[in-house]
Structures are given as structure tokens and as C-alpha cells.
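Novice: with the sequence up front, the predicted model follows.
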2 protein chains.
Amino acid sequence: MRDTAGTATGLRERKKERTREALVDAAQELFLRKGYDATTIDEIVAAVEVSRRTFFRYFAGKEEVALARAMEFEALFLDALTTRPADEAPLTALRRAGTEVFARVVDEEHDGAGQEFLRMRRMIEDTPVLLAASLRNMIELERRMAAEIARREGLTPGADRRPALLVTLYHSVMRVAMDEWTEGGALEATGLVRIIEDAWDDMGVVLTGRWTADEIPRA
Amino acid sequence: MRDTAGTATGLRERKKERTREALVDAAQELFLRKGYDATTIDEIVAAVEVSRRTFFRYFAGKEEVALARAMEFEALFLDALTTRPADEAPLTALRRAGTEVFARVVDEEHDGAGQEFLRMRRMIEDTPVLLAASLRNMIELERRMAAEIARREGLTPGADRRPALLVTLYHSVMRVAMDEWTEGGALEATGLVRIIEDAWDDMGVVLTGRWTADEIPRA
DNA sequence: AACGGTATGGCACACAGTGCCATATAGCCA
DNA sequence: TGGCTATATGGCACTGTGTGCCATACCGTT
């Protein structure tokens, strides 16, 4: 998940990139070992030998450094969606972009990346302020994805609510599936794939099946 | 939306309740007038003539006092769901509980309650930290609602994922509908009802219609 | 080699939030 | 009525986050 922006050009740029990565890595290590709240910014900057003031020039706050990797993931996801073939149906493009990026981040990279990914997710989920911020990021990602779906379908941005509904539906299913997967402590990606497919089937049943009352009720 | 917990018994209890209400009201007035970030806790407690230390005995922080009314609303919603007739289908119970509580809070009460409700929603949506916290509250509400749905359907709590999917689907549709309603600046509840129904129809199309690729894709 | 833009460091400060202890007061019992 | 006890409150000191301001060091360029 490193070097997302590609190779830096100047010496200054490279140093900045290294400092930023060092801060994220040191912060994550501390967060996972001591917990988010128990970790102070002073400890993070001490580990990287950077001043406190400099930290705030790289990140707006503690939240941002904690969610840095997650935000990179979201950026990759959005990129993958943008580069999906135009003839794919919206939901198909969404799902394939998701699995594509997920596989690239978790399976690939150095071993243990999947483990760290899962541990970070657990920590975020267990830290109220991080959970809140990550949900806010999700909403923002949904907005951008909906805009992209609208673009690729040739719809005028705010006129059709279907892109927004599709994207939020996708994230809803994914969240329920991820919760179930995480809760089960399962680590194998194949288990997650199965859960996701079952969840989509269940969602179909929930919205259209007899379980809701033979039809979508009119209030 | 006041006196949610019913009439207080002792003199002490009543005074506490009055202090709490005064703090919420003063805070909301300041937040709406000056903005959330620009309002300090010192200003809030000065308006109610209470010490800073006391404030933190009523609320865990600034966020909590800002979202106090929203949390009361959520509690009412959950209550309404719990008292819905058992023969209603889950989604029907959910939608009727929602409209019921919404009508009670916005239409009823003193005039202008709808206006204030809308202004607070806008402020929360425009204040990053409040938006984040309110989304976290939503997730928590979803959990409790899913548990209630599971209970009324006689399902073993963690075994079936349909309650979770149904509840998150409901909130997804409502969020898209509310966004659209708020954005349009519409104030009439009838407009919202129409948007909600249309959104449900669109969601049906999105999940099952040809727009997604003639079927739910298999990854 | 000198210059200009930029990254950094070191304050000082405002504000949120917490722990501790002293004081005041409601509720209760003799 | 008078006193006792539990509880609510206020005051204070302290930690930690986040920001504005200015001096300094360094990269990149001419």
C-alpha cells in the first residue's frame, strides 16, 4: 500500500514522503500496541525524531494519521472503479473494483499485511472516535463513487438518485459481511467471498421476498 | 421531545432535569448562532450559570450535548419499533415506527420545531466531528434495531443476518431521501413522504432491475 | 556563491477533558 | 425541629490536542 502517489522526483519530495510514511508506521505500531487513546502525539514524534509542530504539518490530527492507510485504500478503490470498463453494469463494476483492490492490498504485499489490516480494522471499530471518523470517510467515499457511477452512466449529477442508492446499498452489504467475517475471526479471503455472496442473496430476499410483507409497503 | 423519561419524582431530580434541559437548550442556541466549533463550553455554562465541572457530569463532552436531541429521537424510534404489533412484517414495522415518531416530533410540539429540527440537521451535517459522531450513533441504533427485529421474528440473535441487512437498508434509503429533501430546502412533510416512497421504488430497481446487469452479479 | 522559497523547530496560547478535594444542599430519620 | 448522610456542585491543578507566530536551517536555482 506504499508509494501510492508513485515515485517522488526531487530530494525534498522523497524526504517528505519518507517522513510521512515513518510517522504513519510509528503511529500504527504504537496504536496497536498501546491503544489509540493511550498513545500521545509526543510519543509518535519521538519515535520518528520529528517535532510536534511538524507532525501537524503532515496530518490534521491524531485521527488522520490513524486512518491514513484506510484512506489510501479508499483512494485505490475509487481509482479502480474509474478504470473499470464502461460496458459493465454499475453494480458489477463496483463489486469487481472492490474485490480487485482488496486482493491487491491483502493478498499481495509482504506477508502479514492481511493480519495488520484486520488488526487495524478491529482497533478502529473498538475506538469510538476512530469508528466515527471512518464512517464519515465512508460517506464521503460514497459521494464520490456515486458521482463516478453517474458519470459513467451519462446521468446528470444530482438528477438521479439511483447512483447514491446503489453505492450505499453496496457499502451496507459489505459492512454487514465484513462484520460477520471479522467477528468470526476468519482470516481466509475465501470465507469472506462466500459471506459476501450470501449477504447479497439475503439482501435480495429482504427487499423483495415475503419476509418484508409480500411487497414494499406503502408506509 | 422534552420529558422523555416522564415526570421526575423528587425535588432533586426535577432540578437535575431542568439543569440538563437548560444546558441542551443553551448549547443548541449557541451552536446555531455561532457555529459548533466557535462555541466554547465556558460560554454554554455561563449562559446557564453552572460550573464547567458540572457540565461534564451531565455530558461526556461537547459532542454529546450537541447530539442530545438526536439521541432522544433515536430512543423514541426504538421504543416505537418495540411497541409495533407483532403481526406486521419487519420492514412495515420499521417504516411505520419511523413515520410515527417523525410526525410526533416535527408536526406536533410548539410551532417551529420542524424548523429547528432541520437547522440542527444541517449544522450536524456541516460539522465534520458532529457528522462523524452522529453516524456512529446511527450504527449503534441499527444494532439495537436489528436485535429488536430478530427478537420479534423469533430468531436467534447472531445467527441470521437478515435483520441487520433490513435495518441498514432502511437507514440507507432514509439517508438518501433525507439528503434530497434537505438539499431541496423543502419543509413540507408531504414532500418527504413522496421522496421516501420514490426512493424505495428506485432501490428496488437498483437491486433487482436491469440497471444492475439483469441480475445480481457473482463478483 | 548568493539568493529565494520551503520545511522545520520552538515557543506561547486556547480549549477539551479528568482527578481530587472541599463545600453546600436535598432527603431522611430521630 | 434538628441533625446526619448521601449526593450534587464548585474550584483547582493537570494532561493532551490543536493553532498562530516567528526564527532558523536547508534544498534548489540562478
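Specialist: Sure, I can see it.

Novice: what about the residue nearest to A:Gly191 when sequence neighbours are not counted, helix or strand, and which?
Specialist: Residue nearest to A:Gly191 in three dimensions, not counting chain neighbours: A:Trp181, with 6.5 Å by C-beta to C-beta, 6 or more residues apart in numbering or on different chains. No exception for glycine: its C-beta is placed from N, CA and C like everyone else's. Using DSSP states H and E, A:Trp181 sits in helix A:162-183.

Novice: quick check: the gap between A:Arg194 and B:Asp160.
Specialist: 16 Å (C-beta to C-beta, to the nearest Å).

Novice: brain fart, A:Gly184
Specialist: Note on A:Gly184: its distance to B:Asp160, by C-beta to C-beta, is 15 Å.

Novice: now swap in A:Asp201 and tell me
Specialist: 13 Å.

Novice: so which of these two has more stuff around it?
Specialist: Per other C-beta atoms under 10 Å in any protein chain shown, whichever of A:Asp201 and B:Asp160 has more neighbours is B:Asp160, with 15 against 11.

Novice: and the more buried one, what is it in contact with?
Specialist: Contacts for B:Asp160 (C-beta atoms under 8 Å, 6 or more residues apart in numbering or on different chains) come out as B:Ala150.

Novice: so it, which of the three states?
Specialist: Classification of B:Asp160 using DSSP: H, G, I helix; E, B strand; the rest coil returns coil.

Novice: which residues touch the residue nearest to A:Gly191?
Specialist: Contacts were defined as C-beta under 8 Å, 6+ apart; by that measure A:Trp181 touches A:Gly191, A:Leu192, A:Ile195.

Novice: distance check, it against A:Ala189.
Specialist: 9 Å.

Novice: so A:Ala103 versus A:Glu148, what's the distance?
Specialist: Where A:Glu148 is concerned, A:Ala103 sits at a distance of 20 Å (C-beta to C-beta).

Novice: swap in A:Glu49?
Specialist: Using C-beta to C-beta, A:Glu49 is found at 41 Å from A:Glu148.

Novice: then A:Ala27?
Specialist: According to C-beta to C-beta, A:Ala27 stands 30 Å off from A:Glu148.

Novice: the more surrounded of the two?
Specialist: Neighbours were counted for A:Ala27 and for A:Glu148 using other C-beta under 10 Å; A:Ala27 has more, 25 against 21.

Novice: what's the helix or strand for the more buried one?
Specialist: Using DSSP H and E, A:Ala27 sits in helix A:11-34.

Novice: show me what the following helix or strand past that helix is packed up against.
Specialist: As assigned by DSSP H and E, the chain's next helix or strand after helix A:11-34 is helix A:41-48. When contacts are defined as 3 or more C-beta pairs under 8 Å, 6 or more residues apart in numbering or on different chains; DSSP states H and E, helix A:41-48 sits against helix A:11-34, helix A:52-58.

Novice: pick out the shakiest of those helices, pLDDT-wise.
Specialist: Of all the helices and strands packed on helix A:41-48, the minimum mean pLDDT falls on helix A:11-34 (a mean of 94).

Novice: can you list the buried residues in it?
Specialist: A:Thr19, A:Leu23, A:Val24, A:Ala26, A:Ala27, A:Gln28, A:Leu30, A:Phe31 (16 or more other C-beta atoms under 10 Å in any protein chain shown).

Novice: got the angle for it vs helix A:41-48?
Specialist: With axes from the mean of the first three to the mean of the last three C-alpha atoms, to 10 degrees applied, the angle from helix A:11-34 to helix A:41-48 works out at 120 degrees.

Novice: and helix A:11-34, anywhere near DNA strand D?
Specialist: Yes: residues of helix A:11-34 are located near DNA strand D by C-beta under 7 Å from any atom of the strand, namely A:Leu11, A:Arg12, A:Glu13, A:Lys15.

Novice: between those residues, which is closest to A:Asp79?
Specialist: Of all the residues of helix A:11-34 next to DNA strand D, A:Asp79 sits closest to A:Glu13, with 20.9 Å by C-beta to C-beta.

Novice: could you check how far A:Asp87 is from B:Ala46?
Specialist: To B:Ala46, A:Asp87 is 63 Å away according to C-beta to C-beta.

Novice: more crowded one of the two?
Specialist: Shown here are A:Asp87 and B:Ala46; by other C-beta under 10 Å, B:Ala46 has more neighbours (13 against 8).

Novice: let me see the contact set for the nearest residue to A:Thr156 once chain neighbours are set aside.
Specialist: Nearest residue to A:Thr156 in three dimensions, chain neighbours excluded: A:Ala150, at 7.6 Å (C-beta to C-beta, 6+ apart). A:Ala150 sits next to A:Thr156, A:Pro157, A:Asp160, A:Pro163 when contact means C-beta under 8 Å, 6+ apart.

Novice: which element is A:Ala150 on?
Specialist: Here A:Ala150, judged by DSSP H and E, is contained in helix A:128-152.
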